[in-house]
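Q: Predicted model follows, preceded by the sequence.
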Amino acid sequence: MKIFLTGANGFIGSKLVSELIDAGHQVLGLTRSDAGVQQLIAAGAEAYRGDLEDLNSLRVGAAGCDGVIHTAFNHNFANYTANCDQDRRVIETLGAALQGSNRPLVITSTTLFGEAIPGQLADEDVFNAQHSNPRVTSEIAAQTMIDRGQNVSLVRLSQIHDTHRQGLVTFLVQLAQQTGQSAYVENGANRWSAAHVSDTVHLFRLAVEKQIAGACYHATAEEGVSVRSIAETIGQRLNLPVISLSKEAAIPHFGWLNGFVSKNMIASSAKTKKRLNWHTNRPKILTDVSNLNIETI
């Protein structure tokens with residue numbers, strides 16, 4: 001297949017390029033910079049100049065390919081709501097470019113939307129369209145396309161990690177460096193699910209190859225790791241004190257992260273593993289945090 005890949009120079013996308021090419025696929029990678037063009041060419045992909053704001057460039061890129069994987073997302077959390085709205089527009093544009101065909105579109109979401117009730121174990125067969133997280137509009141857009149018969153599937157992410165980046169944990173590391181202490185809220189017993197980036201890109205490949213319309217998959221290798229254990233591992237790696245904060249003290253300390261850091265964000269991938277024969281065998285998140293490459297933070 002020739003696959004149009006957004007986010008091709010990103011944390012997940014750059015590794016997905018190699019995963020796809022090694023499996024015999026061609027990749028047309030979306031990039032907005034000269035450096036990105038060179039990175040894609042070096043990886044064996046074809047570079048395509050465009051931008052998430054340039055919806056016409058997305059239409060043209062998707063129209064010339066056998067399938068699309070959308071991994072790009074603007075992770076500037078100061079503008080999170082606006083970025084979620086942009087993601088919805090991108091998904092709608094990609095879907096429109098594929099409408100009338102059976103070509104697959106795989107979009108990226110988060111396991112939060114598999115929670116029937118916030119904080120419960122997320123399930124692949126659950127979609128909570130009333131979830132308070134504004135990125136829910138991305139899944140609503142995907143579901144609209146599925147309902148009209150399009151070949152759309154979803155990969156929901158946990159905390160995706162290696163020794164360079166770890167999802168939201170990266171921001172906890174940066175905050176610990178800035179404040180001189182690694183913190184958690186109250187007893188820190190709330191848990192976050194996680195998966196290694198190499199296992200994750202393998203899942204994306206299986207999803208686009210399987211082409212099951214309406215399918216939802218969870219990139220989850222660990223159902224839940226306590227935030228306290230994450231904070232303690234960060235403290236050990238950075239040689240910083242580890243502290244517990246009250247809910248009141250956590251608000252100014254964590255800032256925008258406070259909306260996540262005291263929550264359960266746990267997920268099952270049992271159905272994903274069964275349906276795709278997906279196996280996870282890479283290092284766990286605490287191992288990667290323990291071996292964190294501090295120079296890349």
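A: All right, it came through fine. Numbers count the residues shown, from 1 in each chain.
Q: In this protein, which residue is most central in space?
A: Nearest to the mean C-alpha position of the chain, by C-alpha atoms, centre = their mean, lies residue 157 at 4.3 Å.
Q: Quick one: residues contacting that one.
A: Residue 157 is in contact with 108, 109, 110, 111, 167, 195, 200, 219, counting by C-beta atoms under 8 Å, 6 or more residues apart in numbering. For every residue, glycine as well, the C-beta is placed using N, CA and C.
Q: which strand residues sit across from it in the sheet?
A: Assessed by DSSP bridges, residue 157 has beta-bridge partners residue 110, residue 219.
Q: tell me the average confidence for the longest helix seen in the chain?
A: Longest helix in the chain, counting residues (DSSP state H): helix 80-98. For helix 80-98, mean pLDDT is 96.
Q: in it, what counts as buried?
A: Residues of helix 80-98 classed as buried under the neighbour-count rule (16 or more other C-beta atoms under 10 Å) are 80, 83-84, 86-98.
Q: same check, this time on stretch 242-254
A: 242, 245, 250, 253, 254.
Q: Please apply the same query to stretch 258-268.
A: For stretch 258-268, burial by neighbour count (16+ other C-beta under 10 Å) applies to 258, 260, 261, 262, 263, 264, 265, 266, 267, 268.
Q: Return the closest of these with respect to residue 67.
A: Among these, residue 267 lies closest to residue 67 (C-beta to C-beta), at 25.3 Å.
Q: wouldn't the closest one be in contact with residue 191 here?
A: No. Using C-beta atoms under 8 Å, residue 267 is not in contact with residue 191; the gap is 10.0 Å.
Q: Check the average confidence over stretch 289-297, would you?
A: 87.
Q: end-to-end on that stretch?
A: The straight-line separation of the ends of stretch 289-297 (C-alpha to C-alpha, to the nearest Å) is 11 Å.
Q: any residues touching that stretch, and which ones?
A: In this structure, residues lying in contact with stretch 289-297 by C-beta under 8 Å, 6+ apart are 161, 163-166, 169-170, 173-174, 177, 230, 233-234, 236-238, 283.
Q: Can you tell me which of these end up in helices?
A: Going by DSSP H, the helices hold 169, 170, 173, 174, 177, 230, 233, 234, 236, 237, 238 from the contacts of stretch 289-297.
Q: and the closest residue to residue 93 other than its chain neighbours, how many neighbours?
A: In space, and not counting its chain neighbours, residue 93 is closest to residue 55: 4.6 Å by C-beta to C-beta, 6 or more residues apart in numbering. Counted with other C-beta atoms under 10 Å, the neighbours of residue 55 add up to 18.
Q: Repeat that for residue 194.
A: Using other C-beta under 10 Å, residue 194 has 28 other residues around it.
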